[in-house]
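Engineer: have a look at this prediction, sequence included:
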Amino acid sequence: MKKLIALLATAFVAASAFAGEFPDISVTEVKALTESKKAVFIDVNGSESFAKGRIPGALDYAAIKNNLTEALPKDKNMLIVAYCGGPQCKAYQAAANAAQKLGYKNVKHMSAGLSGWKQAGQKLEKKI
């Protein structure tokens, strides 16, 4: 029984560490960053959704994923924020992991996603 409890505890700690790989960032913080332009936002909702509306200044991951090195800034300390549809969506991980693999040290996740952005009354950018 003790071995089972130890195994479950180890699995829980490992899962928790993996699930929190990228720190969360709030809609309020993202709003301030869109105004200061001190971060790069990556939208992973797909090009069709991207065209309908996104966080101001966001990049379309579907369109840039093959040329991510050219699309992202040279400064590897720049804040990169990945987001997708909402709190249950895990698609952001593709962009966050790709940025991290390229050496970006400050990668975060806006877990509220696009739905949280809209619920908070924030405006979407629609022009391409």
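Structural biologist: Okay, I see it.
Engineer: now do the contacts for the residue most central in space within the chain.
Structural biologist: By CA atoms, centre = their mean, the chain has its centre lying nearest to Ala82, at 1.8 Å. Contacts were defined as CB atoms under 8 Å, 6 or more residues apart in numbering; by that measure Ala82 touches 22, 41-42, 44, 61, 92-93, 95-96, 99, 107-110. All C-beta spots, glycine's among them, are computed from the backbone N, C-alpha and C.
Engineer: please pick the buried ones from the residues you listed.
Structural biologist: Among the contacts of Ala82, the ones that count as buried by 16 or more other CB atoms under 10 Å are 22, 41-42, 44, 61, 92-93, 95-96, 99, 107-110.
Engineer: tell me the contacts of Gln122?
Structural biologist: Going by CB under 8 Å, 6+ apart, Gln122 touches Val27, Lys31, Ile55.
Engineer: need the residues you listed in JSON lines (columns: neighbour count).
Structural biologist: Formatted as JSON lines, the contacts of Gln122 follow (neighbours: other CB atoms under 10 Å):
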{"residue": "Val27", "neighbour count": "20"}
{"residue": "Lys31", "neighbour count": "17"}
{"residue": "Ile55", "neighbour count": "24"}
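Engineer: mind listing the helices for the protein?
Structural biologist: Ranges of helices within the chain are 2-19, 27-36, 47-52, 61-64, 68-71, 92-101, 113-119, based on DSSP state H.
Engineer: what mean pLDDT does the second one get?
Structural biologist: Just to be clear, that refers to helix 27-36. Average pLDDT, helix 27-36: 96.
Engineer: what about it, distance to the chain center?
Structural biologist: 14 Å (CA atoms, centre = their mean, to the nearest Å).
Engineer: many thanks, we can stop here.
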